[in-house]
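K.L.:
With the input below, show me the fold.
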Amino acid sequence: RIVVDVAIILFFATPHYKAEKVTTYTKQIFEIATEKCHNMTMSTVKNVKLSQLHLIRIPKASSTSLSVVARRLVGCYPPGPCCRWPGDPVGSCPSKELFTCQLQNKVIGCSHHHSHYEALLESRINSISIIREPFSRAVSAFFYPGIHHNVDCLKGQHQCFIEYSSDPRWQNVAVKLLTGLYAYSPMKVCRLSSECPHSLQLALKNLESKVVFMGVAELWELSLLILHLKLPAACPPSYSEFLLAQKGNSTTSRRLHTSFYDNSVYQNHYKKEFDANLSKSVDLFPLSTSSKHRKIFSNNSNRQKRRKRRFERYNTYHNRILENRKEGPRKKNPFNSIQSNSNNTIGGENRANINIDYIHFKETVREKFFKELQNQNALDVEVYRQAVYMMCNDLHRYKLWDYEFIRDYWRKYAVVKVDHCQ
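P.N.:
Numbers count the residues shown, from 1 in each chain. Predicted coordinates:
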């Protein structure tokens, strides 16, 4: 089984999560996936490997995590996410070789958030995607560096958010991608196909008839289980992929403790958690089997130097951003999402949003800016509801709802309530 390299541990390092309960769910769901895959292998279902796959990357919705799975499905090496080195922001892509898969056209749409509509309409190519609760996705994007929001806004945080939510570029990104537009296209979308060519009506039609698998970020483990049932090529399952929900990406937003508002307490707690997780990662995710990688990682000192270089590259990037904005000290930057733990902590390039401003803002944003979020994501909310509804149907279709722990998992983490999954 292909496993994720230790570099990916840094990529998905997590601050806080309820490890014991979450891991129990993860193990149980993984065991079901293993059993189902074994049954399919023993039956008449042929485990044919895929030569090509279409990945629809809805931004800030765990698409990076799903890209790890997509690359494995088509046999890309080394294991890891789709990204163009050194990443955006710099340091977020751990290897130059990870982009080779896209150059070979094995995973269409492997990186970035452009629509490959011809691939979506091609019945011979399997299209997969994952969606996140739209309000949470929008807030996460607002705090993430790069193209995901109005990064040039120099006004106050609240005013910048209002401008961000009202800009057509960052509205209803899922509908855009499902109807042939770039995720951040300035073109407006509408509800009915009679009103415009890129409509919610067309998006839902494509979701139901063209997308083979649409995962739900808040239900990561359950999404992977259904992916293996819909695409037997994913078998046998990789436990490391099921654990990606614990590595600090958006799939863990439901599990993070958000009461650490004192910066020093939060950072100290985070550092202890990060160091503990990192030490465990060596056993959990074996190193690459190549002699080159064994040599590089065999010496702990070399490993520390590599981490330090990543951190310095990341730090240089953010200092340059702040210098361009002329907004003063780094800690006052309202858009700094991938933030280092401290000046002495290695591994600052993790994708977990540890910004205290973000955590506090996320706690109050739904009350303060509900109308803005609703206007920005009204159509995406409908797509998300349909995705959750379809997953509920799949649970019954594959008789997964019969498992008590799956019902418990669903009731705990499903954001949208569905009548026949209560």
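
K.L.:
Enumerate every residue touching residue 234.
P.N.:
Listed by Cβ atoms under 8 Å, 6 or more residues apart in numbering, the contact partners of residue 234 are 37, 69, 72-73, 227-228. (Each C-beta comes from the backbone N, C-alpha and C, glycine too.)

K.L.:
among these, who's most crowded?
P.N.:
The most crowded member of those, judged by other Cβ atoms under 10 Å, is residue 69 (26 neighbours).

K.L.:
picking that back up, which one of the contacts of residue 234 is nearest to residue 389?
P.N.:
Within those, the smallest distance to residue 389 is 17.3 Å, found for residue 227 (Cβ to Cβ).

K.L.:
just to revisit the earlier point, could you single out the nearest of the contacts of residue 234 to residue 108?
P.N.:
Closest to residue 108 out of the contacts of residue 234 is residue 73 (12.5 Å), distances taken as Cβ to Cβ.

K.L.:
For residue 191, see how far away the closest one is.
P.N.:
Residue 73 sits at a distance of 34 Å from residue 191 (criterion: Cβ to Cβ, to the nearest Å).

K.L.:
swap in residue 205?
P.N.:
In this structure, residue 205 lies at 13 Å from residue 191, with Cβ to Cβ as the measure.

K.L.:
number of nearby residues for residue 77?
P.N.:
14.

K.L.:
those strands in the stretch 101-250 of the chain, which residues are they?
P.N.:
Along the stretch 101-250 of the chain, the stretches classed as strands by DSSP state E, counting those that start in this stretch are 107-108, 127-131, 211-216.

K.L.:
And residue 115, its phi and psi?
P.N.:
The main-chain torsion angles of residue 115 are listed as degrees, to the nearest 10 and equal phi -90, psi 130.

K.L.:
correct me, but it touches residue 187?
P.N.:
No. Under the criterion of Cβ atoms under 8 Å, residue 115 makes no contact with residue 187, lying 11.4 Å away.

K.L.:
re earlier: the strands of the stretch 101-250 of the chain: which one's closest to residue 119?
P.N.:
Nearest of the strands of the stretch 101-250 of the chain to residue 119, taken as Cβ to Cβ: strand 107-108 at 4.7 Å.

K.L.:
what do residue 115 and residue 187 both touch?
P.N.:
When contacts are counted by Cβ under 8 Å, 6+ apart, residue 115 and residue 187 have 176, 181 as shared neighbours.

K.L.:
Report the residue spans of the chain with pLDDT below the cut-off.
P.N.:
In the predicted model, the chain carries pLDDT under 70 at residues 1-22, 42-48, 245-355.

K.L.:
The lengthiest helix in it packs against which elements?
P.N.:
For the chain, the helix with the greatest residue count under DSSP state H is helix 370-397. Using 3 or more Cβ pairs under 8 Å, 6 or more residues apart in numbering; DSSP states H and E as the contact test, the elements touching helix 370-397 are strand 127-131, helix 134-142, helix 157-166, helix 173-178, helix 200-209, strand 211-216, helix 220-230, helix 404-413.

K.L.:
Cool, thanks, signing off.
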